[in-house]
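Predicted model and sequence below, questions to follow.
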Amino acid sequence: MTVFSTESFADHEQVVFVSDAPSGLRAIIAVHDTSLGPGIGGCRMYPYASEEEALRDVLRLSRGMTFKAAAAGLDYGGAKAVIIGDPKTAKTPALLRAMGVAVDRLGGRYVTAEDVGTTVDDFAEVRKTTRHVVGLPAELGGSGDPSPTTALGVFIGLGAAARYRWGSHRLAGRTVAVQGLGNVGWHLCRLLADADAALVVSDIDPGRAAQAASAYGARVVEPEAIYAADADIFAPCAMGAIIDDGTIDALRAGIVGGAANNQLARQEHGFRLRDRGILYAPDFVINAAGMIRVASEIDGFDQALVDRRVARIATTLQAIFERADADAITTEAAAMDIAGQRLRAARARNAAALAT
């Protein structure tokens, strides 16, 4: 397996392969860019089919965190970790503590948090072997589960997209197809239902989908049918790389925006969405609220500051949509340019500081 020549490698500053035989830990930590500050990103646990798949995921995810922090106006960089294994069967206190040791060895260059396959309570265990953790339970001085805040940011972002596309941020009467009913997807469904939107949902767990039908009056479809659902908005809230050659042609929605990371399988799919007249809210912008929340723990949690920064997701998306239309580029390219301006300025300041 190679790193530098793999397609997803994007000049990452550091890639660390972690092994702890006693606990069975096999993990990869990728620090993409620390120009703006220490890299922040969740620790995902997933039964990857291969080490190559895990490497590809952590490289893509960590790069996305760099642009997420920059676009959100945070003074932090991007990083991510993945643990190879089934969280339902392989996750143990010993494994979590071993992961904490691996994080601690990086000396603060990487600050970890919960992600797919891990929970806030898991990181109480990780905290036993490193202080470089955010998103901790409230009783440990953390801000608790970031999922409701992530969902709120997505909800605000969908309102901004609706305003740009249809002239009103109100989602009442709109139909939203939500793919994935994990913590964030579930909370997003609640917000949408409270706003009188109609819901179409899918999840790989039929029981979870049935619960959404009961709780929110959602119509349940099979996972492979969610793309072609008759909906105004498609909200991906599961795994990434789901917007590809096949699914784009199936989409009937006018807006795509959700909590999943790296929704576009390839950059060219942003052009395909544009050509089909589908407004795409770039994932690293619309789903940044959870990062905003947990990052605030580092300097002392401030709910009012978090609320202001989350609300600015709508303003940022408006600027992205306007730039994309003005310059005839994709919304993804416009978002990366806005984030890139902050990154370039930070790199110039860092270089100047080193030269003095």
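Yep, that arrived. Residues are numbered from 1 along each chain as shown.

Find the helix or strand that Ile313 is a member of.
For Ile313, the host element (DSSP states H and E) is helix 303-327.

Pull out the buried positions in that helix.
Buried residues in helix 303-327, counted by 16 or more other C-beta atoms under 10 Å: 306, 309-310, 312-314, 316-317, 320-321, 323-324. Backbone N, C-alpha and C define where each C-beta goes, glycine included.

before we move on, what about stretch 336-346?
In stretch 336-346, counting by 16+ other C-beta under 10 Å, buried: 336, 338-339, 342-343, 346.

Now, the residues you listed that are in helices?
336, 338-339, 342-343, 346 (DSSP state H).

sorry, back to before: between the buried residues of helix 303-327, which sits nearest Ala161?
Leu317 (6.5 Å; C-beta to C-beta).

Chain neighbours aside, what residue packs nearest to that closest one?
Closest residue to Leu317 apart from its sequence neighbours, by C-beta to C-beta, 6 or more residues apart in numbering: Ala160 at 4.4 Å.

and if you look at Met239?
Ala260 (6.3 Å).

do His132 as well
Val111 is the one closest to His132 (C-beta to C-beta, 6+ apart), at 4.9 Å.

pretty sure that neighbour belongs to a strand, no?
Yes. Applying DSSP: H, G, I helix; E, B strand; the rest coil, one finds Val111 inside a strand.

That one is in contact with Glu297, isn't it?
No. At 9.2 Å, Val111 does not count as touching Glu297 under the criterion of C-beta atoms under 8 Å.

Overlap of the contact sets of those two?
Shared contacts of Val111 and Glu297 (C-beta atoms under 8 Å, 6 or more residues apart in numbering): Val134.

close enough to count as contact, Asp145 and Val120?
Yes. The criterion here is C-beta under 8 Å, and Asp145 meets it with Val120 at 5.0 Å.

who touches both of those two?
114, 135.

Could you give the separation between the terminal residues of stretch 234-246?
15 Å (C-alpha to C-alpha, to the nearest Å).

At which residues are the strands of the stretch 151-300 of the chain located?
175-179, 198-202, 219-220, 233-236, 255-256, 279-280 (DSSP state E, counting those that start in this stretch).

Save those strands as a markdown table, and put in distance to Gln211, mean pLDDT and mean neighbour count too.
Below are these laid out as a markdown table (distance: least, C-beta to C-beta, whole Å; pLDDT from 0 to 100; neighbours: other C-beta atoms under 10 Å):
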| stretch | distance to Gln211 | mean pLDDT | mean neighbour count |
| --- | --- | --- | --- |
| strand 175-179 | 13 | 98 | 27 |
| strand 198-202 | 10 | 98 | 24 |
| strand 219-220 | 10 | 98 | 18 |
| strand 233-236 | 17 | 98 | 28 |
| strand 255-256 | 25 | 98 | 26 |
| strand 279-280 | 29 | 98 | 24 |
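
Would you mind saying which of those lies nearest Thr66?
It is, among these and with distance given as C-beta to C-beta, strand 279-280, at 19.5 Å.

For the residue nearest to Met239, list the residues it contacts.
Ala260 is in contact with 179-180, 236-240, 242, 283, 287, counting by C-beta under 8 Å, 6+ apart.

how about a cut-off of 6 Å?
236-238, 240 (C-beta atoms under 6 Å, 6 or more residues apart in numbering).

Between those, which sits nearest Ala54?
Ala54 lies nearest to Gly240 out of the contacts of Ala260, by C-beta to C-beta, at 13.3 Å.

The closest residue to that closest one other than its chain neighbours: neighbouring residues, count only.
Excluding its sequence neighbours, the residue lying closest to Gly240 (C-beta to C-beta, 6+ apart) is Asn262, at 3.5 Å. Close neighbours of Asn262, defined as other C-beta atoms under 10 Å, add up to 18.

Next: Ala215.
Other residues close to Ala215 by other C-beta under 10 Å number 13.

returning to that earlier point: could you redo the buried residues of stretch 336-346 as TSV and give each row pLDDT?
Converted to TSV, these look like this (pLDDT from 0 to 100):
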residue	pLDDT
Met336	95
Ile338	92
Ala339	94
Arg342	94
Leu343	95
Ala346	94
